[in-house]
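Participant: Okay, predicted coordinates and the sequence, questions at the end:
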Amino acid sequence: MSAKSFRAALNEALHQEMAADPNVVVIGEDVTGGVGGDGIQDAWGGAFGVTKELLGTYGPSRVLDTPITESAFVGAAAGAALTGLRPVVEIMFVDFIGVCLDQVMNQAAKFRYMFGGKTRCPIVLRATFGGGARSASQHSQALYPIFTHIPGLKVVIPSNPSDAKGLLIEAIRDDDPVIFLEHKMMYDEMGEVSDQPFTVPFGEARVLREGPDATIFAYGRMVGQAEKAAQTLQSEGIRISIVDPRTTSPLDVDTILEFAEETGRIVIADEASPRCGMAADISSIIAEEAFGALQAPIIKVTPPHTPVPYAPSLEDAYLPDAAQIAEAVRGVLTYGK
């Protein structure tokens, strides 16, 4: 166990799985630092440094730079997965998924079903998501609800370095397509991570806090914002629970309902658009399965239904934060009083 950044935890997971299984390959734009250019290969290790030193260790036959053509290399990876390889594909920004959505939605996600369960497609699509980096509306979206909507895909959103490593190893070993989303503002966040390979099962939520007054459900970077809100609220004598579902598909419905029934006051913090997002999905599940336990309307803390702004002041106003989450908790606690 040692302190590692979110980035280093992901890098370690890739190194350990590539060392353990020769069928694991890494594919993407600039994952080797840019083959064919002048200068030092592997200078960056991908756009965000996650694939650093893989090229020197495993060679160009297992760490492959690609042209700027997501439709081609995602399709190639899906085909490679059918033949027995385990490709880990890096898409710089999840916003670029639109140009290869057919390969993801109509091919990889459907293979097992269309072939009667006789084939596997063990492909991992890693991509960054989320706002805060001043990357504007085409590089800052949180599109995980789109993938959650598609049967056949598993969708993972780690919120800390330890989960990042354990969930990525679980994703690489899984026999189905996995969308693995990394918030670009979290790469330098630190945490204690096991030095040995380990897995975190999909569909098992992580409970950060348990308190009787209210429950916050949050994903990704919003988990840290929820923790900051909890610290503020604790100084006011308010004790809350925080639950990080970790995956949107499969979704740990049992834990969600357990905490909804225990506290009866629910806040959901979600960076995705409020329309058809995870906040809406979790709200509907609670409304259908635990309506009688609710003591106040569910409050969703989300961005507005607009593109992510580029101007710093507007982007800051767009993104949910700890202050908004804390105010939402106060709202469910004072409802009807």
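Facilitator: Here it is on my side, so go on.
Participant: nearest spatial neighbour of residue 166, skipping sequence neighbours?
Facilitator: Sequence neighbours aside, residue 200 is the residue nearest to residue 166 in space, at 3.4 Å (criterion: C-beta to C-beta, 6 or more residues apart in numbering). Every residue, glycine included, has its C-beta placed from N, CA and C.
Participant: OK, contacts around residue 14?
Facilitator: 26, 50-51, 54, 88, 168 (C-beta atoms under 8 Å, 6 or more residues apart in numbering).
Participant: average pLDDT for the helix or strand hosting it?
Facilitator: Taking DSSP states H and E as the definition, one finds residue 14 inside helix 6-20. For helix 6-20, the mean pLDDT works out to 98.
Participant: What residues sit buried inside that helix?
Facilitator: Buried positions in helix 6-20, judged by neighbour count with 16 or more other C-beta atoms under 10 Å: 6-18.
Participant: now stretch 68-75
Facilitator: Within stretch 68-75, the residues that qualify as buried are 70, 73-75, counting by 16+ other C-beta under 10 Å.
Participant: In this structure residue 121 contacts residue 103, no?
Facilitator: No - in this structure residue 121 lies outside contact range of residue 103 using C-beta atoms under 8 Å: 10.8 Å.
Participant: can you list residues touching both of the two?
Facilitator: Contact criterion C-beta under 8 Å, 6+ apart; residues shared by residue 121 and residue 103: residue 78.
Participant: could the buried residues of helix 6-20 be laid out in a markdown table, adding distance to residue 117?
Facilitator: Below are the buried residues of helix 6-20 laid out as a markdown table (distance: C-beta to C-beta, whole Å):
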| residue | distance to residue 117 |
| --- | --- |
| 6 | 35 |
| 7 | 37 |
| 8 | 37 |
| 9 | 33 |
| 10 | 31 |
| 11 | 34 |
| 12 | 33 |
| 13 | 28 |
| 14 | 29 |
| 15 | 32 |
| 16 | 30 |
| 17 | 25 |
| 18 | 28 |
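Participant: tell me which of these is nearest to residue 58?
Facilitator: Lowest distance from residue 58 to the buried residues of helix 6-20 (C-beta to C-beta) belongs to residue 18, with 5.3 Å.
Participant: any idea how far residue 11 is from that closest one?
Facilitator: Distance from residue 18 to residue 11, counting by C-beta to C-beta, to the nearest Å: 11 Å.
Participant: Ok, residue 208 next?
Facilitator: 25 Å.
Participant: I'd like the distance from the most centrally placed residue in the chain to residue 196, if you could.
Facilitator: Centroid-nearest residue in the chain, with C-alpha atoms, centre = their mean: residue 157, separated by 1.9 Å. Applying C-beta to C-beta, the value for residue 157 to residue 196 is 24 Å.
Participant: go on, residue 82?
Facilitator: Distance from residue 82 to residue 196, by C-beta to C-beta: 31 Å.
Participant: What is the lengthiest strand in the chain packed up against?
Facilitator: Criterion DSSP state E: the longest strand present in the chain is strand 86-93. Applying 3 or more C-beta pairs under 8 Å, 6 or more residues apart in numbering; DSSP states H and E, we find strand 86-93 packed against strand 24-28, helix 70-82, strand 124-129.
Participant: Could you check how far the last one is from the centre of its chain?
Facilitator: What that stands for is strand 124-129. In terms of C-alpha atoms, centre = their mean, to the nearest Å, the centre of strand 124-129 is found 8 Å from the chain centre.
Participant: which residue ranges form the helices in the stretch 201-337 of the chain?
Facilitator: Along the stretch 201-337 of the chain, counting by DSSP state H, counting those that start in this stretch, helices occupy 221-234, 253-263, 278-289, 312-318, 322-334.
Participant: Using PDB, list the CA coordinates for the longest one.
Facilitator: This points to helix 221-234. Taking C-alpha atoms only, helix 221-234 is exported to PDB below (Å, rounded to 0.1, in the frame of the first residue of the first chain):
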ATOM      1  CA  ARG A 221     -15.700  14.100  -9.100                       C
ATOM      2  CA  MET A 222     -19.000  14.800  -7.400                       C
ATOM      3  CA  VAL A 223     -18.100  12.300  -4.700                       C
ATOM      4  CA  GLY A 224     -15.300  14.600  -3.500                       C
ATOM      5  CA  GLN A 225     -17.700  17.600  -3.600                       C
ATOM      6  CA  ALA A 226     -20.200  15.600  -1.600                       C
ATOM      7  CA  GLU A 227     -17.500  14.800   1.000                       C
ATOM      8  CA  LYS A 228     -16.700  18.600   1.200                       C
ATOM      9  CA  ALA A 229     -20.400  19.300   1.700                       C
ATOM     10  CA  ALA A 230     -20.600  16.600   4.400                       C
ATOM     11  CA  GLN A 231     -17.700  18.300   6.300                       C
ATOM     12  CA  THR A 232     -19.500  21.600   6.200                       C
ATOM     13  CA  LEU A 233     -22.800  20.100   7.300                       C
ATOM     14  CA  GLN A 234     -21.100  18.100  10.100                       C
END
